[in-house]
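> kindly return the folded structure for what I paste below:
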Amino acid sequence: MHWSLDVSMREDECQILLGNDGQNFARFRHIALNLLKKNKGKDSVNLAQMKSLMNDEYREKLIFG
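From the prediction side, this is the model:
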C-alpha cells in the first residue's frame, strides 16, 4: 500500500507537519487510492487519477459507482 501511495500520490514528498494534519491527509489519500483501484476499467491508477481531475462525470462515476 505504501509503495502505491508514494508512486501515485507522492506521499513521501508531503511536508504536512502540524498536529494530526499529516495523518488526516494520509487518510484522504487512502480513500482516494481505494476509489481509484476499485475502478473496473483498463486505466492505470495514475491515468484514472488524471481523468478524475479533468472530468467531473468520470469523478462522480468513481465516487458513486
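> mind checking the SS state of Lys42?
Taking DSSP: H, G, I helix; E, B strand; the rest coil as the rule, one finds Lys42 in the coil state.
> what number of residues lie near it?
7 (other CB atoms under 10 Å). Yep, even glycine has a C-beta here, placed from its N, CA and C like the rest.
> what does it show for phi and psi?
Per-residue torsions, Lys42: phi -90, psi -10 (degrees, to the nearest 10).
> so how far is Ser52 from it?
Distance, Lys42 to Ser52, by CB to CB, to the nearest Å: 15 Å.
> please apply the same query to Ala26.
Here Ala26 is placed at a distance of 19 Å from Ser52 (CB to CB).
> those two - which one has more neighbours?
Using other CB under 10 Å as the criterion, Ala26 and Ser52 rank with Ser52 on top: 21 against 16.
> what's the helix or strand for the more buried one?
helix 45-54 (DSSP states H and E).
> and for Leu35?
Short version: Leu35 belongs to helix 21-38, going by DSSP H and E.
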